[in-house]
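Peer 1: Predicted model, plus sequence, below.
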Amino acid sequence: MYIPPFMDGSVNLAANQELFERKMMEDIGLTLDGNNDDKNVLELGCGRGRISAHTARETGAHVFGMNIDPSQIANAKSYAEHTGLGNRTDFRVQSFNDLPFPFPDNYFDASYQ
């Protein structure tokens, strides 16, 4: 189970998650204005893709998620399509221990896990 870090004691758990994810987006150099459509971002260990989807929605960046669990990747793809983010996200079953990655060098502008 994922529980976000405590960011603000005056708001609930969901709001703390929102604050944490927005800070992460800013920390990796993305703006929260939706104008990052020229940016490619890699999420290592994306799980069911919810943070990838949130990042794509808030920033406009194209987010690639990798995870070793095929069922979680299937869920991430389904969620992205259902929420209209299928064109801003790409999910792959891939271990980050399997090198090289299936992307050219310097393809990503930012990454997180």
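Peer 2: Here it is on my side, so go on. Numbers count the residues shown, from 1 in each chain.
Peer 1: Distance-wise, check the closest residue to Ala53 other than its chain neighbours relative to Asp105.
Peer 2: Once flanking residues are discounted, Ala53 sits nearest to Leu85: 5.1 Å by CB to CB, 6 or more residues apart in numbering. C-beta: built from backbone N, CA, C; applies to glycine. With distances taken as CB to CB, to the nearest Å, Leu85 is found 27 Å from Asp105.
Peer 1: residue boundaries of the helices in this structure?
Peer 2: With DSSP state H as the criterion, the chain has helices at 13-27, 50-59, 70-82.
Peer 1: Looking at the shortest one now, give me its mean pLDDT.
Peer 2: When you say that, I think you mean helix 50-59. Taken as a whole, helix 50-59 has a mean pLDDT of 97.
Peer 1: centroid residue for the protein?
Peer 2: By CA atoms, centre = their mean, the mean C-alpha position of the chain lies nearest to Ser52, the distance being 2.1 Å.
Peer 1: Let me know whether that one touches Phe91 as I believe.
Peer 2: Yes: counting by CB atoms under 8 Å, Ser52 touches Phe91, with 7.3 Å between them.
Peer 1: okay, and the common contacts of the two?
Peer 2: Residues touching both Ser52 and Phe91 (CB atoms under 8 Å, 6 or more residues apart in numbering): 46, 64-65, 76, 80.
Peer 1: Filter those down to the buried ones, PyMOL style.
Peer 2: Selection of buried members from the shared contacts of Ser52 and Phe91 for PyMOL, criterion 16 or more other CB atoms under 10 Å:
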select buried, resi 46+64+65+76+80
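Peer 1: What is the nearest of the shared contacts of Ser52 and Phe91 to Ala110?
Peer 2: Nearest to Ala110 among those: Phe64, at 11.0 Å, using CB to CB.
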